[in-house]
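Colleague: Kindly return the folded structure for what I paste below:
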Amino acid sequence: MNPNAYAVVGLTAIVAALVAVLTFAVLRIASAARDTRSSLRGSGGDTVLLTAALQDAVAKLKAQERAMSARAEASERLSGEIIASLTAGLLVVELGGDVRIINPAGRRLLGLGEEAPFDDYRQLPPPASRLATVIDECLRSRTPIVRRKLELSGSPVSHLGVTVSPLFDEVGELHGAICLFTDLTAVIDLEEQVRLKDSLARVGELTAGIAHEFRNGLATIHGYSRLIDLDALPPVHRKYVEGIRAETDALGQVVTNFLNFAKPTQLTVTPVDLKMIAERVADEWRPDAKARGGNIVVSGQFGTVDGDDVLLRQAFSNLLRNAIDACAAAGVAPQVSVDAEVDHAQRVCRISVNDNGPGIEPAARDRVFRPFFTTKAAGTGLGLALVLKIIVTHNGRVIVGTAPLGGASLQVTLPLSDD
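Modeller: I've put the predicted structure just below:
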């Protein structure tokens, strides 16, 4: 064979081998590429699933956070509503004196305005400053003070019941105090009414028998004096008999008044219009006041009470008579006012009888309601005692103060009818 032919055959075989090798390599590369793409596609699916799972977890956490926030807001709102709705006063203070919480009832009981600044409990004005003293005592002793009674003279809320407890943190460090206080005025007044009723009942029981015997003796003396014929006596003796008669008459009236005061009071209860009572009594005494150059004025808002019309008229009649007599004794024209107001919150009517007389000294104000205590030369000392008895029997109270014109002011407080 031609050598050139062998060369061609050899070159052809070599080229074929090279093509086969290249083809195999290309096939391996293509297969690897397919595996790589498949692997990448699988890996990408896992990433998507992981991302979706994370997004779902985040969404659930956010939902839980929103739910917890809503519950916290609802709890805080409920706490605020509870604190605002308490009828008792709530005061929370820090160790340094800063006020953390005070509810509306607390402001009202302490005489603070709704918007009045109140940052430090030690700045409480008198008489509410007595509460600050109790808080200081609790913080110093680090022990609770339970059911302490405070008297706030001159305040609409005259008696407070106070409980103060120290506030400790989780490690036992003192960082403030919590104070709860409530109005005890009605309770104290009720206790005073019961005490007065018992006292008046005892006075009546102890003295009624003696007064009866005394009246019998006076009646005997008076009767014998009436048997004496004045015309048959010398003029010098006649005046003695007349004096005996006059004194026995006067003493007999005193005994009668005292027996009326001492006997148990039986009420005939009906709805009573206090305005009609005041105007009727004022009409009865106005001519007397005008005869002395003065007047009686009735004003304000009155209410209706369940009481005895006759006894209430007698009580207010005694008050007006005392006012006119006090002014006359001081030599001034009696300017007497009957002023009323209705307290719907307390369900009471307050009626003040004011005059421009000399007034009643503070030292004597606790004694003016005692039987036989009087500052008048011709007084029996039973007028105001009977007023107190009648008003207390109606579950009311009487307070002595100073009138706007400088005289005496006697304020009668009576509970309103339920209707």
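Colleague: Do I have it right that Asp189 meets Gly396?
Modeller: No. Asp189 is beyond contact range of Gly396, at 9.2 Å (criterion: C-beta atoms under 8 Å). C-betas here are computed from N, CA, C, even on glycine.
Colleague: higher neighbour count, the two?
Modeller: Gly396 (23 against 16; other C-beta atoms under 10 Å).
Colleague: per-residue confidence at the more buried one?
Modeller: On pLDDT, Gly396 comes in at 91.
Colleague: Spatially, which residue comes closest to it, not counting chain neighbours?
Modeller: Leaving aside its sequence neighbours, Gly396 sits nearest to Leu414 (C-beta to C-beta, 6 or more residues apart in numbering; 4.1 Å).
Colleague: Is there a neighbour count for the one you found? I'd like the number.
Modeller: With other C-beta under 10 Å as criterion, Leu414 counts 23.
Colleague: now Leu61
Modeller: By other C-beta under 10 Å, the residues close to Leu61 number 10.
Colleague: okay, the residue nearest to Val353 when sequence neighbours are not counted: pLDDT?
Modeller: Nearest non-adjacent residue to Val353, counting by C-beta to C-beta, 6+ apart: Leu319, 4.4 Å away. Looking at Leu319, its pLDDT is 95.
Colleague: Who are the contact partners of Ile221?
Modeller: Taking C-beta atoms under 8 Å, 6 or more residues apart in numbering as the criterion, Ile221 is in contact with 244, 248.
Colleague: how about it, secondary structure?
Modeller: Secondary structure assignment for Ile221 (DSSP: H, G, I helix; E, B strand; the rest coil): helix.
Colleague: and the residue nearest to Gly396, that one's in a strand?
Modeller: Yes. The assignment for Leu414 is a strand, going by three-state DSSP.
Colleague: could you pull out the strands for the stretch 201-350 of the chain?
Modeller: Secondary structure of the stretch 201-350 of the chain (DSSP state E, counting those that start in this stretch): strands at 270-273, 295-300, 304-307, 335-343, 348-354.
Colleague: For Thr51, find the nearest of these.
Modeller: Nearest to Thr51 among those is strand 335-343; the distance by C-beta to C-beta comes to 70.8 Å.
Colleague: Wait, the residue nearest to Val353 touches Val387, no?
Modeller: Yes. In this structure Leu319 lies within contact range of Val387 using C-beta under 8 Å: 6.1 Å.
Colleague: more crowded one of those two?
Modeller: Per other C-beta under 10 Å, whichever of Leu319 and Val387 has more neighbours is Leu319, with 26 against 23.
Colleague: quick revisit: hey, which of the strands of the stretch 201-350 of the chain is tucked in deepest?
Modeller: Most buried of the strands of the stretch 201-350 of the chain, by mean neighbour count (mean count of other C-beta atoms under 10 Å): strand 348-354, with a mean of 22.
Colleague: Buried residues of stretch 248-256, list them for me.
Modeller: Neighbour-count burial for stretch 248-256, counted by 16 or more other C-beta atoms under 10 Å, picks out 248, 251-252, 254-255.
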